[in-house]
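S.K.: Below are the sequence and a predicted model for it; my questions follow.
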2 protein chains.
Amino acid sequence: MKEKAPDWIGKVDPCDANCPSRDILDLIGDRWSLLLLLVIAQGHHRNGELKRRVGGISQKMLTQTLRALEANGLVERRDFGTVPPHVEYRLTPLGVSLAHSLTPLFEWIEREFDAVVAARAAFAGREAA
Amino acid sequence: MKEKAPDWIGKVDPCDANCPSRDILDLIGDRWSLLLLLVIAQGHHRNGELKRRVGGISQKMLTQTLRALEANGLVERRDFGTVPPHVEYRLTPLGVSLAHSLTPLFEWIEREFDAVVAARAAFAGREAA
DNA sequence: TGAAGTACGCACCTTGAGGTAACTATGAAA
DNA sequence: TTTCATAGTTACCTCAAGGTGCGTACTTCA
């Protein structure tokens, strides 16, 4: 008995440790990647801008994560070659489609945020008892 | 607001380093959490079963991740108290709703998998040149 | 004459995530 | 009688993720 037929099982199996989709999952399943995707989709494009928007990210992780997103074809980097430097990051069509697929997740967080916090408190209470 | 108001920005702001939604994002943005959610939704419920399904996970991470999911109200743990031990993990309604919100993401991975791999190869080629 | 902004690269170092192995108790099977 | 499966817990140890700080080349503002 299965509560709900999982529609998302197919040829690509992230459960297989050797399937390359694991790499994708690792990329997605990264706090900074998620946040950067979010912020870039919101229309912020420059290094400093992104750093200011994403609270707590270091310059190192910013560059590193942007490179990873670029390497996976999700973000396009445009260097204007001027001095002082001017570089812009934009979502590729692939990145846009991913951002759309993430929308339900962010919506879920907004919608169920309180429920999770409540569940967390309840659990903590149970443990303490 | 901003230029291209994305639908998923509201009171809950994961960009704020102090917003508790960061914790949720950290929980979700975890390879094992994602995979476990996936596998449990597929109808696998017991410790050993999960461990066998999710390639590469250690017993430690399995337990640890299941506890985290439980602590956040996404998974319910039922201990039958028998010996030898029999424990079952099931998605709570909250967990089911999250799994649904993740469906587009997994679908995206399946759909765009080849595109990402291609982009990755192209990028590697560009760098090597 | 500085100081600050811009987009990094690089070296150093710490911390913690996560792997491994050993141990728990018990019943069933070989 | 020994081994296995069950579902863990705990201690130990390593490796790499990621933070900090400095350097760079140039321009504009104070």
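M.R.: Yep, that arrived. Residues are numbered from 1 along each chain as shown, chains lettered A, B, ... in the order given.

S.K.: Surely residue A:29 and residue B:37 touch.
M.R.: No. The criterion here is Cβ atoms under 8 Å, and residue A:29 misses it with residue B:37 at 11.3 Å. Using the backbone N, CA and C atoms, a C-beta is placed for each residue, glycine as well.

S.K.: Am I right that residue A:88 sits in a strand?
M.R.: Yes. Assigned with DSSP: H, G, I helix; E, B strand; the rest coil, residue A:88 falls within a strand.

S.K.: what about it, distance to residue A:64?
M.R.: 18 Å (Cβ to Cβ, to the nearest Å).

S.K.: My guess is residue A:80 contacts residue A:45. True?
M.R.: No. Using Cβ under 8 Å, residue A:80 is not in contact with residue A:45; the gap is 11.5 Å.

S.K.: quick one: the helices in chain A?
M.R.: Taking DSSP state H, the helices of chain A run over residues A:21-28, A:31-41, A:47-53, A:59-71, A:93-128.

S.K.: Show the pLDDT at residue A:129.
M.R.: On the pLDDT scale, residue A:129 is placed at 69.

S.K.: Equivalent analysis for residue A:89, please.
M.R.: For residue A:89, the model assigns a pLDDT of 97.

S.K.: How many residues are close by residue A:70?
M.R.: Neighbourhood size, residue A:70 [other Cβ atoms under 10 Å in any protein chain shown]: 17.

S.K.: Output stretch A:41-58 as CSV, restricted to C-alpha atoms.
M.R.: Once non-C-alpha atoms are left out, stretch A:41-58 reads as follows in CSV (Å, rounded to 0.1, in the frame of the first residue of the first chain):
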residue,chain,number,x,y,z
ALA,A,41,15.4,35.8,-10.3
GLN,A,42,14.2,38.8,-8.3
GLY,A,43,16.2,41.1,-10.6
HIS,A,44,19.5,41.6,-8.8
HIS,A,45,22.5,41.0,-11.1
ARG,A,46,25.7,42.4,-9.7
ASN,A,47,28.2,40.9,-7.3
GLY,A,48,27.9,43.5,-4.6
GLU,A,49,24.2,43.7,-5.0
LEU,A,50,23.8,40.0,-4.5
LYS,A,51,26.2,40.0,-1.5
ARG,A,52,24.1,42.7,0.1
ARG,A,53,20.8,40.9,-0.5
VAL,A,54,21.8,37.5,0.6
GLY,A,55,22.5,38.0,4.3
GLY,A,56,25.5,36.2,5.7
ILE,A,57,27.1,35.0,2.5
SER,A,58,30.9,35.6,2.2
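
S.K.: so does that stretch get close to chain B?
M.R.: Yes. Judged by Cβ under 8 Å from any Cβ of the partner chain, stretch A:41-58 comes into contact with chain B at A:41, A:42, A:43, A:53, A:54, A:55, A:56.

S.K.: I figured the fourth one hits residue A:44, correct?
M.R.: Yes. Under the criterion of Cβ under 8 Å, residue A:53 is in contact with residue A:44, at a separation of 5.4 Å.
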